[in-house]
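Novice: Pasting a predicted model and its sequence here:
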Amino acid sequence: MTATRTHTPPGTRPAGPARGRQSVDRPAGPRTAHTAAAQDRPRRPLAALAARRAFLVPMGVAVALLIPLAVVFPGAGSWPAALTADLSGPLGRAGDWIIDHRDSHPLFLYFFGHISNAVVVSVRAVYVLLLAAGWTGVTALAALVAWRLAGIRLALTCAAAFVACGLLGMWVPTMQTLALMAVAVAASVVLGALLGLAAGLSPRADRVLRPVLDTMQILPAFAYLLPMVLVFGIGVPAAVLATVVYAAPPMARLTALGLRGADAGVMEAAASLGATGRQRLLTARLPLARRQLLLGVNQAIMTGLSMAVIASVIGAGGLGDRVYQALASVDVGAALAAGIPIVLLAVVLDRTADAAGRRIGATPVPAREQHLLRRVFCGWYGRLLTFLVAVAAAVAGRVAGSSLWPGSWTVPLADPVNSAVAWMTGHLYSGVPVVGGTADWAARFTGWILDPLRSGLQAAPWWLLLLLACALGLLAGTWRTALTAVLALGAIGALGVWEASLDTLSQVLAAVAVTLVLGFAIAVGAARSARAERLLRPVLDVCQTLPQFVYLIPVVALFGVGRAPAAAAAVVYALPAVVRITTQGLREVDPAVVESVRSLGASRSQLLRQVQLPLARPALLLAVNQAVVLVLAVVIIGGLVGGGALGYDVVLGLAQGDLATGLVAGAAIVCLGLLLDRVTQPAKED
Amino acid sequence: MRDAHPRRPLGRHGATLLAATTALAALTGCGAADMTRQSSPYAAAQGAKTVTLSVQSWVGAQANTAVASYLLEHELGYRVDTVQVDEVPAWDALSQGRVDAILEDWGHPEQEERYVRGKKTITPGGELGVTGHIGWFVPTWFAEEHPDVTDWKNLDKYADLLRTPESRGKGQLMDGSPSYVTNDKALVKNLGLDLEVVFAGSEAAQITQIKQFAKEHKPFLTYWYEPQWLFQRVPMTEVKLPEYTEGCADDPQKVACAYPHTPLRKYLNTRFAESGGKAAGFLKKFHWTKEQQNEVSLMIAEEKLSPQQAAKKWVERNENVWKPWLT
């Protein structure tokens, strides 16, 4: 059953565009039927009775445990002060100790210092290499590699992407980001693969690692930055290490998934041939898991790239820093000029990794049938040739005297973008006839949805919310799910951030609702027409990979400071995953069933409501789960536009070097994430 | 050719990798690694004299850094790296030698105690010449229509006009980035005002909102500070709070007085201050006025010039101002 549980890979942080996400869902295929069966089960009376007992018994236990507590601490709204643990003392002291000792203590001199130096040396090496290759060399190499892996179309996209980075005047920052990324991704792939190897081969290691990976998955990136800065100081080493911690979990999860999913027949055959354990691992298990390994690399790249922007807050340099500096002077155009290369890098890297993944599964085309040029670039000498051509291009570039992108070949993007944004925010903010301006929408959203939700949650007695979490957990899964949910919510109270967490929870719930309504509507349209889906894909890619710092200003200009723009930013970020998963789910409904229903004279809406949506239920549930996790992931960004609550606390912790506030708020976000993830997890644990 | 890929060497690769890692660990593990002497991987090739300056997120700080870097690069032949970080992490970085100088500090007594007097890793670099002041501001047109709004005692009268969806039925007092010094929550409570502090979360969000309010001709009350270029775009008038007296803000819970006028200061990394040569001398002498700083800030924020272009323009026009800094 373990294999089916991993299916909603909470570990695969869906930072990547298009394919990454879709392929991650692929392992879900066989499970779909299983869940459907599980949903049907309660219809039979006996099973229904069993199900009711599985619900009632743990509920009874929970009520029995909570009622005495509720009687002792009847506090109507907030969490009882007697049940909180104040961590600010010890955390503050830990922070001070690090600051006082980091220049002299042997732990820093002989351990962290060397790690830090190694990072600087490697990033420097890659950076110097990239600069030496010049723009001609880098572009040629990227295009050739893409061509070898996927063909001429991707090669052209690749070359165009790099040329665009140059045209935007972002060549040097792009190379800085690439150098940082290369080192960080390499390190996280190695680390992730080692962890995944342990988890894939030993069930005990898996049990130990799983909660750790779950936590790392949900812990907001901003919360990672603070301890890293304390130990390593601002700059590239802290940024690289934060990226590694952030990007390794998806790799670890997918590696473990691939290893555990090895075909039993093949393993048996390998064993019967007398292969030793190590041989079996190297010759059978790892090769069989290659697809998942590659997917893991892909995910590591995507998460790494999103982190590279966030890490600009601690002085990582590169593209992220340009975005961040543009934000400081409220210059959307300049932020976009630095954001576009990030989107392009993400799309190109994702498509290339995806093509590499598909190539592994495909049977090779016989050499004779291939195009002449492709045949030339095949095999080991093809690799050598690729390398030589790239070197030749680099040398040609040097000879022509333009190893850096020529300064005159740039296109100013900032001004037109700024005037477009100014026009948009000027005309849509208020006074639009009939529908009202965006400011009015924001006011209504805040007043009619967010406020009642927040005051409702904050007014509810704490023990009632715990019981509610327990009930939801039981409805979604087993008593284990319920226990996790209750403990997570309890931990929030114990950390002393009950009010702020409920505020954040209300924002998350409202944003998820909007995301789902919009996402399902768009997906229904996209599932109907392949053309619409094709048109939609680049838009979704951009939404998912554009650094959120870029759209902070337009979002505030449209919705004003507060929780509404925070929700808007979250919706923009979470929508693509929901649309993709739902579209795919609707598409995968058996065409024969659809055809037969249509022949019975069902209308389009009947077809959708009575056939397609029920059959796509597992995909819809997965979409809900992803929406929740993704919306929570951008709570911090909400803190930057007036969302307040936990997101603001994490930002405050980083800005003031206040370990206690930042880490406690980060931990509360993790607990919220665990709670929401568990109660929306479509999988049933057996 | 993929399927035929030989499997055995994988094991050997692993062994080689292990050996290489061990060798690397043995090689690097011998001596102590001092993180305070580390340079950025993006720094220029060896031999070039590099100075690293910290830029804070507000535009005034960008203006200081832009002009200082321009002069360091074009007059003294240095290469300048800038790093954008919040104030408290910037002190940390200065102490560790990751940045060489902070050009505009608004007063961090705790950090000063720890690094300047305690660890002695940071040396004061004199005053910037600009005096900073934090306060509560309303748009000038609003203050002209209702002159009594500029006294804090009358703010409650206008709470209705200042209400927004976020202000929980009270008047909104908008605060900015979490990295800024603020006592506003305590102030509102201790002065018993019918106001709610709403944190914009970042300066970018706050400026955007102020501009939007100004465009809509909607009254607002905001935490803001001088010198700031936004005053040229959105004229604002300060609301008088109970007068600042020495020590009245010492207990953060009981504050009930205005913010002080702070002479902004420069700080240098001690090692840099002692052996930084001409660059250190120049940065110690760097000293200009609020108007001069604002001139550069406006070019960056409003004309959307890059900081380098803005600095170039200013330097060309003001030779008599900066010449003395170089001697």
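Specialist: Yep, that arrived.
Novice: buried ones in the helix or strand that contains residue A:397?
Specialist: For residue A:397, the element it lies in under DSSP states H and E is helix A:379-399. Buried residues in helix A:379-399, counting neighbours by 16 or more other CB atoms under 10 Å in any protein chain shown, are found at A:382, A:385, A:386, A:389, A:390, A:393, A:394, A:397. Just so you know, the C-beta spots here come from the backbone N, C-alpha and C atoms, and that holds for glycine as well.
Novice: Counting by contacts, list what that helix packs against.
Specialist: Of the remaining helices and strands, those touching helix A:379-399 by 3 or more CB pairs under 8 Å, 6 or more residues apart in numbering or on different chains; DSSP states H and E are helix A:113-150.
Novice: and the helix it packs on with helix A:379-399, angle?
Specialist: Angle between the axes of helix A:113-150 and helix A:379-399 is 110 degrees (criterion: axes from the mean of the first three to the mean of the last three CA atoms, to 10 degrees).
Novice: What average pLDDT does the helix or strand immediately after helix A:113-150 in the chain get?
Specialist: Tracing the chain past helix A:113-150, the next element assigned as helix or strand by DSSP H and E is helix A:152-167. Across helix A:152-167, the average pLDDT comes to 88.
Novice: So what touches helix A:152-167?
Specialist: Defining contact as CB atoms under 8 Å, 6 or more residues apart in numbering or on different chains, one finds that helix A:152-167 is touched by A:135, A:138-140, A:142-147, A:171, A:174, A:340-341, A:344-345, A:347-348, A:351-352, A:355, A:405, A:409-411.
Novice: Just the buried ones from these, in ChimeraX syntax?
Specialist: ChimeraX command restricting the contacts of helix A:152-167 to the buried ones, with burial defined by 16+ other CB under 10 Å:
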select /A:135,138,139,140,142,143,144,145,146,147,171,174,340,341,344,345,347,348,351,352,355,405
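Novice: interface residues of the stretch 201-327 of chain B facing chain A?
Specialist: Residues of the stretch 201-327 of chain B lying near chain A by CB under 8 Å from any CB of the partner chain: B:201-209, B:211-212, B:215-216, B:300-301, B:304.
Novice: now with 10 Å?
Specialist: By CB under 10 Å from any CB of the partner chain, the residues of the stretch 201-327 of chain B that approach chain A are B:201-213, B:215-216, B:218, B:229-230, B:297, B:300-302, B:304-307.
Novice: For the buried residues of helix A:379-399, give me a markdown table that also has pLDDT.
Specialist: Shown next, in a markdown table, are the buried residues of helix A:379-399 (pLDDT from 0 to 100):
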| residue | pLDDT |
| --- | --- |
| A:382 | 71 |
| A:385 | 77 |
| A:386 | 77 |
| A:389 | 79 |
| A:390 | 77 |
| A:393 | 78 |
| A:394 | 77 |
| A:397 | 75 |
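Novice: The helix or strand that contains residue A:451 packs against which elements?
Specialist: Using DSSP H and E, residue A:451 maps to helix A:451-459. The contact analysis (3 or more CB pairs under 10 Å, 6 or more residues apart in numbering or on different chains; DSSP states H and E) places helix A:451-459 against helix A:498-528.
Novice: roughly how far out does the helix holding residue A:397 sit from the chain middle?
Specialist: Helix A:379-399 sits 35 Å away from the centroid of its parent chain (CA atoms, centre = their mean, to the nearest Å).
Novice: With just CA atoms, put that helix into CSV.
Specialist: Once non-C-alpha atoms are left out, helix A:379-399 reads as follows in CSV (Å, rounded to 0.1, in the frame of the first residue of the first chain):
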residue,chain,number,x,y,z
GLY,A,379,26.7,8.2,-29.9
TRP,A,380,29.8,9.2,-28.0
TYR,A,381,31.4,10.9,-30.9
GLY,A,382,28.2,12.9,-31.2
ARG,A,383,28.7,14.1,-27.6
LEU,A,384,32.3,15.0,-28.4
LEU,A,385,31.1,16.8,-31.6
THR,A,386,28.5,18.8,-29.6
PHE,A,387,31.2,19.9,-27.2
LEU,A,388,33.6,20.8,-30.0
VAL,A,389,31.0,22.8,-31.9
ALA,A,390,30.2,24.7,-28.7
VAL,A,391,33.9,25.4,-28.1
ALA,A,392,34.2,26.6,-31.7
ALA,A,393,31.2,28.9,-31.2
ALA,A,394,32.8,30.2,-28.0
VAL,A,395,36.1,30.8,-29.8
ALA,A,396,34.3,32.5,-32.7
GLY,A,397,32.6,34.8,-30.3
ARG,A,398,35.9,35.7,-28.6
VAL,A,399,37.5,36.4,-31.9
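Novice: Sketch out the strands for the stretch 101-250 of chain B, chain order is fine.
Specialist: For the stretch 101-250 of chain B, strands defined by DSSP state E, counting those that start in this stretch occupy the ranges B:101-105, B:122-139, B:171-175, B:195-199, B:221-226, B:236-239.
Novice: Could you pull up phi and psi at residue B:180?
Specialist: When quoted as degrees, to the nearest 10, the phi and psi of residue B:180 stand at phi -80, psi 150.
Novice: any idea how far chain B is from the closest residue to residue A:107 other than its chain neighbours?
Specialist: Distances taken as CB to CB, 6 or more residues apart in numbering or on different chains place residue A:101 nearest to residue A:107, at 7.9 Å, with adjacent residues excluded. As judged by CB to the nearest CB, to the nearest Å, residue A:101 and chain B stand 11 Å apart.
Novice: if I read this right, residue A:61 contacts residue A:467, doesn't it?
Specialist: No. Residue A:61 is not in contact with residue A:467 according to CB atoms under 10 Å; the separation is 11.2 Å.
Novice: Pick out whichever of those two has more residues nearby.
Specialist: More crowded of residue A:61 and residue A:467, by other CB atoms under 10 Å in any protein chain shown: residue A:467, with 18 against 14.
Novice: can you tell me which residues contact the more buried one?
Specialist: With contact taken as CB atoms under 10 Å, 6 or more residues apart in numbering or on different chains, residue A:467 is in contact with A:59, A:62, A:63, A:66, A:67, A:70, A:461, A:486.
Novice: mind showing which ranges of the chain have poor pLDDT?
Specialist: With no chain named, the answer covers chain A. For chain A, the stretches flagged by pLDDT under 70 are A:1-54, A:70-77, A:82, A:360-380, A:402-403, A:407, A:431, A:433-434, A:682-686.
Novice: um, chain B though
Specialist: For chain B (pLDDT under 70), the answer is B:1-37, B:39, B:43-48.
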